[in-house]
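Colleague: Coordinates for the following, if possible.
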Amino acid sequence: MNTVFFIIIGIITADFVLERYLDYLNGKCLNPELPDELKDVFDADQYRKQQEYKRQNDRFSSITSTFNFFVILLMLFLGGFALVDGWARGITNHPVLLVLVFFGILALAMDLISTPFSVYDTFVIEEKFGFNRTTPRTFILDKIKSLLLGAVIGGGLLALVVWFYQATGSLFWLYAWALAVVFTVFISLFYSSLIVPLFNKQTPLPEGELRDAIKAFSDRVGFKLVNIFVIDGSKRSAKANAYFTGLGPKKRVVLYDTLISDLTTDEIVAVLAHEIGHYKKKHMLFGLMAGIAQTGITLFILSLLISNPALSEALGGSGASFHLGLIAFGMLYSPVSLLTGLLMNQVSRRNEY
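Modeller: All right, here's what the predicted structure looks like:
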């Protein structure tokens, strides 16, 4: 329990208290009565249902956050991270494989702990308010696919970062940053065509009134749009949604089938007009560049501290350890993440307005 250990305890405790206080303030603003200014816009019963849905989700989120907070405290005070490190070292001493085994054990443990909460959220809360359409089979398959995808993509990226560290020392952050840039751009271009099909079916929007209306609007505002797809969102939820993805010629608009069934043609075009506005004002490009810059700064700071044995020792390790140091750094860096998150939220609010 060195100085870094107590700093980590202080940071995660302060973060937990702040989050709960903000939840309390937000909860005070919930009111089932429809405001006078909105009585000609919203249905009173639907508004009351929405407020209750928000209240129950906030309460459930508070419970899960509290549980996770105490799990982390137990891991810190009882040497849980050092225990997992010992298990990993009992399997392999290869520097890259050691990190992969360590984080693999943690990821599986976290998934096992979080699954009961996910089940309750999906099959109790979402079911209660008429949103859930996920079957147990779909839920289980999603879990398996997510774990495999995380192992392949996350494990591959992590292995490369550790290899960079082993090969270049303190300069590893430059290579890791370049990797992050390439991966970010790649995902921006191909997420919808490579990742989404693993979970959902996407089909081109058929010719008809809606496609004609979308094309007419995009042509009128000078936004070239060729790829318009419908996704089977009703497979999991009754909620309506739509999103843009991709860059340049790879950009596409994806409409949830629930959105098409719930809204009129003019309403759907209005939803897309909002998203096209983000593109026209280059909000998506700014967000991409800001994320890349933030990643570079974080990796540079990590490179200055990762070799300090005090980080690993704070989690019960002996001497400098990349994987233990990485976890300790993540906890120490959370106040910086909070500040940058507030800044980006402010930018996002302005962009949305």
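
Colleague: Grab the CA positions of the host helix or strand of W163 and hand them over as CSV.
Modeller: Using DSSP states H and E, W163 sits in helix 155-168. Taking Å, rounded to 0.1, in the frame of the first residue of the first chain, the C-alpha atoms of helix 155-168 are listed here in CSV:
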residue,chain,number,x,y,z
GLY,A,155,-6.3,-9.2,-28.2
GLY,A,156,-4.7,-8.5,-31.5
LEU,A,157,-4.3,-4.7,-30.9
LEU,A,158,-3.1,-5.3,-27.3
ALA,A,159,-0.5,-7.8,-28.5
LEU,A,160,0.8,-5.3,-31.0
VAL,A,161,1.1,-2.6,-28.4
VAL,A,162,3.0,-4.9,-26.0
TRP,A,163,5.3,-5.9,-28.8
PHE,A,164,5.9,-2.3,-29.6
TYR,A,165,6.8,-1.7,-26.0
GLN,A,166,9.1,-4.6,-25.8
ALA,A,167,10.9,-3.6,-29.1
THR,A,168,11.1,0.2,-28.7
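
Colleague: Which residues does it contact?
Modeller: 95-96, 99-100, 103-104, 172, 174-176, 179, 183, 306, 322 (CB atoms under 8 Å, 6 or more residues apart in numbering). From N, CA and C alone the C-beta is placed, and that goes for glycine too.

Colleague: Same question for stretch 171-188.
Modeller: So stretch 171-188 is contacted by 157, 160-161, 164-165, 168, 195, 245-247, 288, 291-292, 295-296, 299-300, 302-303 (CB under 8 Å, 6+ apart).

Colleague: For that stretch, buried residues please.
Modeller: F172, W173, Y175, A176, W177, L179, A180, S188 (16 or more other CB atoms under 10 Å).

Colleague: thinking again about what came up before, okay, the contacts of helix 155-168 in TSV with secondary structure and pLDDT next?
Modeller: Formatted as TSV, the contacts of helix 155-168 follow (DSSP: H, G, I helix; E, B strand; the rest coil; pLDDT from 0 to 100):
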residue	secondary structure	pLDDT
P95	helix	91
V96	helix	93
V99	helix	94
L100	helix	95
F103	helix	95
G104	helix	95
F172	helix	92
L174	helix	94
Y175	helix	95
A176	helix	95
L179	helix	95
F183	helix	93
I306	coil	90
F322	helix	91
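
Colleague: Which of these sits closest to T340?
Modeller: A176 (18.5 Å; CB to CB).

Colleague: Could you find the closest non-adjacent residue to that closest one?
Modeller: Nearest residue to A176, sequence neighbours excluded (CB to CB, 6 or more residues apart in numbering): V161, at 4.8 Å.

Colleague: Run a quick neighbour tally on the one you found.
Modeller: When neighbours are counted by other CB atoms under 10 Å, V161 registers 22.

Colleague: Please report how far it lies from I11.
Modeller: As for V161, its distance to I11 is 24 Å (criterion: CB to CB, to the nearest Å).
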